[in-house]
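Undergrad: have a look at this fold, sequence not included:
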């Protein structure tokens, strides 16, 4: 379970510590999202024990926590993204790092230090370090993982209304059987990542 141990490990030197995580590296469609969250020192809201890696939570619990985190006036939060076009232009890893940088820079209070889920990110705009599986170790990263995941899911549900043939609301852009079959039947839409092989194959089939 997460705790504030990673934050406390750097608090002697830094006072404003942001947790950063992403959502949506693997899908064939839609943006990659990133979120940043700063908890004030010594602040432990009553819902804190419910926080965990977003992948371990039910959709209902994620939605509940999303509101609690986003609406908490004592927290600083930001959610940003890199588009499918940007993913195709610079690759998914670089686009993920771009979204993370955007989230950190969008915080209304600039962080002194950032704890980033996974490996360290080069040329980050603030002092930072990576924390592998950080969303299961750090409360601030866990909160960021929930914001990024739920915000991205909401966008994919909206995109499903624009492109109903792909049923994005069901799979959120991941390469499920339903999605792959829709890609073969209809070809890619502007929200698909053309640099991903299954999307390339579908595009080439429809061009032929």
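TA: Perfect, thanks for sending it. What you see is a predicted model, and the numbers here were worked out from it, not measured in a lab.

Undergrad: the residue nearest to residue 81 when sequence neighbours are not counted - how many residues pack around it?
TA: Excluding the flanking residues, the one nearest residue 81 by CB to CB, 6 or more residues apart in numbering is residue 31, at 4.0 Å. Any C-beta I mention is one placed from the backbone N, CA and C, and that applies to glycine too. Residue 31 has 26 neighbours, counted by other CB atoms under 10 Å.

Undergrad: and residue 31, what does it touch?
TA: 24, 81, 82, 83, 84, 86, 87, 99, 152, 155 (CB atoms under 8 Å, 6 or more residues apart in numbering).

Undergrad: looking at those, which is nearest residue 14?
TA: Nearest to residue 14 among those: residue 99, at 22.5 Å, using CB to CB.

Undergrad: helix or strand next in line after the helix or strand hosting that closest one, which one?
TA: Applying DSSP states H and E as the criterion places residue 99 in helix 92-106. Sequence-wise, the next helix or strand downstream of helix 92-106 (DSSP H and E) is strand 113-117.

Undergrad: thinking again about what came up before, now for the helix holding residue 99, which elements pack on it?
TA: Using 3 or more CB pairs under 8 Å, 6 or more residues apart in numbering; DSSP states H and E, the elements in contact with helix 92-106 are strand 17-23, strand 32-38, strand 76-82, helix 84-90.
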